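Peer 1: What follows is a predicted protein model with its sequence.
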Amino acid sequence: MADYIGRQLGNYKIVRLLGEGAFAQVYLGEHIYLGTQAAIKVLHAQLANEPLEWFRTEARTIAHLAHPNIVRVLEFGIEGNAPFLVLEYAPQGTLRQRHAKGEVVSPSVVVSYIKQVAEALQYAHDEKFIHRDVKPENILLGRRNEVLLGDFGIALLLQTFKDQPLQNMAGTVAYMAPEQIQGQPGPASDQYALGIIVYEWLTGERPFEGSPTEVLSQHLAVSPIPLRRKLPTITPAVEQVVMKALEKDPRRRFPAIRQFAQALEQAHQSSILPSERLNMGTGVSAPPSGFERPAPPLAGNVIPPTPVLPQSANAGPVTPSALPSVQAMPQGGSAGILVSRYTGHRNVVHSLSWSSDGVRIASASHEKTVHIWEAPTGRRLPLYKDQSYVVSLVAWSPEGSRLATVGNDAQVRIWDVATDRLLARYTGHGGSTINAIAWAPSRPLLASAATDGTVHVWDATTGNPLIIYRGHVGSVNTLAWSSDAFSSTGPRIVSGGDDRSVQTWEALTGRTIMRYQGQPARVLSVAWSPTVYSPSLGYSFSSNTPNVPSSSRIACGRDDGFIQMWDTISGREVLSYRYQAPLTTVTWSQDGRRFAYASEDQQIEVWDTMTNRKVFVFSHTAPVRVMAWSPDGKHIASGGGDATIQVWVAP
């Protein structure tokens, strides 16, 4: 078997092997001129006796399939007498890697996947093209966790190869429709394969098992065991949709594969509570039908914050300035609705981070592992296997393909989520304990803050340092990035620590912009308001100051219960009030319209930044240490002293 690493195929240099199957090897390739990456699929079969022009024609046909949920074919060629395809690179791997055989996937996640795959197949069917090989191994995840259907036409290419042993087809046989086995595939054959995948994900088992010959016979003559016998919590509506897609006679299936996906979504939505019906396919999905829904916690007595008297501004550090009126949190607000609870940790939870698709959460609690689990269900996923050091912090990269972890050895490691492969390591902190890490929103950079009073900004791809910020005296406890949309000098960072100051500075130069001294107490958490862009409205602006971008505000929470906000353009304090307990974490929603803070008294309060009204309250059974909004802004995950994390949504 040929090894192509280091060789050039077309305009691509082969970097490393990504995977290997019965018929092909898949390599990571880099364009020799552009530096872009692609997946290079090299077929094992030799073409000495095969019609080369037929392969070129078939590859040309595949390349004309242009759809957001189909892996694009970039190039086709022949190396020696073996054909190869250059394909769009999907860094997140396949859905078989995401969900191993035997793993049960929540219905809401299944619906999200199936909608996207069905759209790709509907487009292909409209173009008179049948996939013939739909299976989890051929469904990939793109850079933004979008679903991409791959290997279009590979099944057709393989049909020309003579005398392939049946065992080489085992992965495909499991999803093969009866009419396809009989040599008469049609669009409904792809629907049947997709129905098998849904059955497998919902129950953890394929409907037909055994040797390849036995599975072929069962496809032809044996009806699948009804879903509810394997999963009693599945509703009759969902079961009916799946079993219809698995009809032996293709004429009894749905008329089109899009109708199958739509019927599945409608059946699932009818099984969940109206308050839990979320926008499936983006963010966190609703709990699956049959999932035990915990009763929402009741909000306790809320003590309004104590107003802070305004002070006049001084030269040097920015101090609270005179305000027209002191803003205080009004009483009111309803209780948040609990969606799921994760109880896999043994110790206090110190860090959590959402994936970019809003479906998974990574969390750490000073154990020798990172826990990765499904937000809608609280079910742990079999990812991240390194257990060589105690993990204290974790952060998911903005595009969702990498995970940064902080160990008790004062090192930061960058991992490939799909493969658990170590990509880079940063050792610049020496022996200092790292208190906080954060990814830049749009660049491959990480910032990490430590007890020695420094914040390091470094390249997450190479592990090389860029700058070290030394503006603080004493431990730096927290940091956050700004958006770089409104700064000619690039992104900015806000940091705070034991020296009681909040500081903003240029991330690429280390130049201090402003120092906000604030109240005489340690800073435990900082946040920078987001910049929101709408294609129709453009960049969003504060309702109070129409000409100032919403990213201009920073906030901090202190261990004396004070919350303070400043406008970074004017340097003026815009909000200051005291809560009844030390504030452990503060954060804005993605659209900047809501602000949340958590405290030692087990409470989380969320309020509307436009009206300054509290909208809801959520209670824990122990002090809250960590909190983060989901990417779509509809959920909050929070946890802490009781070693549990709860995912919840506002009414």
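Peer 2: It's in.

Peer 1: Which strands or helices does the helix or strand hosting A395 pack on?
Peer 2: Counting by DSSP states H and E, the element that carries A395 is strand 391-396. In terms of contacts (3 or more Cβ pairs under 8 Å, 6 or more residues apart in numbering; DSSP states H and E), strand 391-396 is packed against strand 351-354, strand 360-364, strand 402-407, strand 434-439. Placement of C-beta: from N, CA and C, glycine included.

Peer 1: gap between the first one and the chain center?
Peer 2: Taking the mean of its C-alpha atoms, strand 351-354 sits 11 Å from the chain's own mean (Cα atoms, centre = their mean, to the nearest Å).

Peer 1: so what pLDDT did S351 get?
Peer 2: Here, the pLDDT recorded for S351 equals 95.

Peer 1: residues in contact with it?
Peer 2: 363-365, 392-395, 626 (Cβ atoms under 8 Å, 6 or more residues apart in numbering).

Peer 1: wait, which of the helices and strands packed on strand 391-396 is closest to L264?
Peer 2: Taking Cβ to Cβ, strand 360-364 is the member of the helices and strands packed on strand 391-396 nearest to L264, at 21.8 Å.

Peer 1: G19 against V26, yeah?
Peer 2: Yes: taking Cβ atoms under 8 Å as the definition, G19 is a contact partner of V26 at 4.7 Å.

Peer 1: where in the stretch 1-150 of the chain is pLDDT low?
Peer 2: 1-2, 21-23, 44-58, 61 (pLDDT under 70).

Peer 1: cool, and the stretch 301-450 of the chain?
Peer 2: Along the stretch 301-450 of the chain, the parts satisfying pLDDT under 70 run over 301-336, 384-388.

Peer 1: so H268 sits in a strand?
Peer 2: No: per DSSP: H, G, I helix; E, B strand; the rest coil, H268 lies outside any strand segment and is helix.

Peer 1: count of neighbours near it?
Peer 2: H268 sits with 25 neighbouring residues when counted by other Cβ atoms under 10 Å.

Peer 1: Could you shift the numbering so residue one becomes 295, and keep it that way?
Peer 2: Sure, I'll start numbering at 295, so the last one becomes H562.

Peer 1: Now do it against P520, distance only.
Peer 2: From H562 over to P520 the distance is 17 Å, taken as Cβ to Cβ, to the nearest Å.

Peer 1: thinking again about what came up before, do you know which of the helices and strands packed on strand 685-690 lies nearest V405?
Peer 2: Closest among the helices and strands packed on strand 685-690, using Cβ to Cβ: strand 654-658, at 16.4 Å.

Peer 1: So which elements touch that closest one?
Peer 2: Judged by 3+ Cβ pairs under 8 Å, 6+ apart, strand 654-658 is in contact with strand 645-648, strand 665-668, strand 685-690, strand 939-943.

Peer 1: Give me the sheet partners of that strand and which way each runs.
Peer 2: Applying DSSP bridges, strand 654-658 is found paired with strand 645-648 (antiparallel), strand 665-668 (antiparallel).

Peer 1: Of these, which stretch is the most buried?
Peer 2: Highest mean neighbour count of those: strand 645-648, a mean of 24 (counted as mean count of other Cβ atoms under 10 Å).

Peer 1: closest to E494 out of the helices and strands packed on strand 654-658?
Peer 2: E494 lies closest to strand 665-668 among the helices and strands packed on strand 654-658, at 16.8 Å (Cβ to Cβ).

Peer 1: Please export the C-alpha coordinates of the closest one as PDB.
Peer 2: Only the C-alpha atoms of strand 665-668 are listed here, as PDB (Å, rounded to 0.1, in the frame of the first residue of the first chain):
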ATOM      1  CA  HIS A 665     -15.400  16.400  30.900                       C
ATOM      2  CA  ILE A 666     -17.200  16.900  27.600                       C
ATOM      3  CA  TRP A 667     -21.000  16.400  27.600                       C
ATOM      4  CA  GLU A 668     -24.200  17.200  25.800                       C
END
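
Peer 1: so how far is it off the chain centroid?
Peer 2: Centre to centre, stretch against its chain (Cα atoms, centre = their mean), the figure for strand 665-668 is 11 Å.

Peer 1: what sits up against it?
Peer 2: Identification of contacts with strand 665-668 by Cβ under 8 Å, 6+ apart yields 400, 403, 634, 636, 638-639, 653-659, 673-675, 677-678.

Peer 1: Mind giving me the ChimeraX select for those, buried ones only?
Peer 2: This is how ChimeraX selects the buried members of these, with burial counted by 16 or more other Cβ atoms under 10 Å:
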select :400,403,634,636,638,639,653,654,655,656,657,658,659,673,675,677,678
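
Peer 1: So, low pLDDT: which residues of the stretch 845-945 of the chain?
Peer 2: Filtered on pLDDT under 70, the stretch 845-945 of the chain yields the residue ranges 845, 944-945.

Peer 1: Which parts of it are strands?
Peer 2: Taking DSSP state E, counting those that start in this stretch as the criterion, the stretch 845-945 of the chain carries its strands at 847-852, 856-861, 867-872, 877-882, 888-893, 897-902, 907-913, 918-923, 929-934, 939-943.

Peer 1: how about those strands, which one is nearest R500?
Peer 2: strand 939-943 (30.2 Å).

Peer 1: Name every strand pairing with that closest one and say which way it goes.
Peer 2: Paired neighbours of strand 939-943 in the sheet (DSSP bridges): strand 631-636 (antiparallel), strand 929-934 (antiparallel).

Peer 1: and the angle from the last one to strand 888-893?
Peer 2: The one in question is strand 929-934. Strand 929-934 and strand 888-893 are oriented at 10 degrees to each other (axes from the mean of the first three to the mean of the last three Cα atoms, to 10 degrees).

Peer 1: likewise the first one?
Peer 2: For strand 631-636 against strand 888-893, the angle by the same axes, to 10 degrees is 50 degrees.

Peer 1: Next, the angle from strand 631-636 to strand 907-913.
Peer 2: Comparing the axes of strand 631-636 and strand 907-913 via the same axes, to 10 degrees yields an angle of 40 degrees.

Peer 1: which stretches of the stretch 445-594 of the chain form helices?
Peer 2: For the stretch 445-594 of the chain, applying DSSP state H, counting those that start in this stretch gives helices covering 448-452, 464-467, 472-475, 481-497, 506-515, 521-524, 530-539, 551-563.

Peer 1: highest average neighbour count across these?
Peer 2: Ranked by average neighbour count under the criterion mean count of other Cβ under 10 Å, the helices of the stretch 445-594 of the chain are headed by helix 481-497 at a mean of 25.

Peer 1: packing partners for it?
Peer 2: Counting contacts by 3+ Cβ pairs under 8 Å, 6+ apart, helix 481-497 is packed against helix 401-420, helix 472-475, helix 521-524, helix 530-539, helix 551-563.

Peer 1: Can you say which of these is nearest to G722?
Peer 2: Nearest to G722 among these is helix 401-420; the distance by Cβ to Cβ comes to 38.2 Å.

Peer 1: Can you mark which positions in the closest one are buried?
Peer 2: In terms of neighbour count (16+ other Cβ under 10 Å), helix 401-420 has its buried residues at 401-419.

Peer 1: for the helix or strand just after it, the distance to its chain's centre please.
Peer 2: As assigned by DSSP H and E, the chain's next helix or strand after helix 401-420 is strand 433-435. Distance of strand 433-435 from the chain centroid (Cα atoms, centre = their mean) equals 14 Å.

Peer 1: And the contacts of strand 433-435?
Peer 2: Strand 433-435 is contacted from outside by 365, 384, 386-390, 392, 407, 411, 441-444, 712, using Cβ under 8 Å, 6+ apart.

Peer 1: Who are the packing partners of the next helix or strand after that strand?
Peer 2: Sequence-wise, the next helix or strand downstream of strand 433-435 (DSSP H and E) is strand 441-443. Judged by 3+ Cβ pairs under 8 Å, 6+ apart, strand 441-443 is in contact with helix 401-420, strand 433-435.

Peer 1: Reformat these as TSV; add distance to P925.
Peer 2: As requested, those are exported to TSV (distance: least, Cβ to Cβ, whole Å):
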stretch	distance to P925
helix 401-420	14
strand 433-435	15
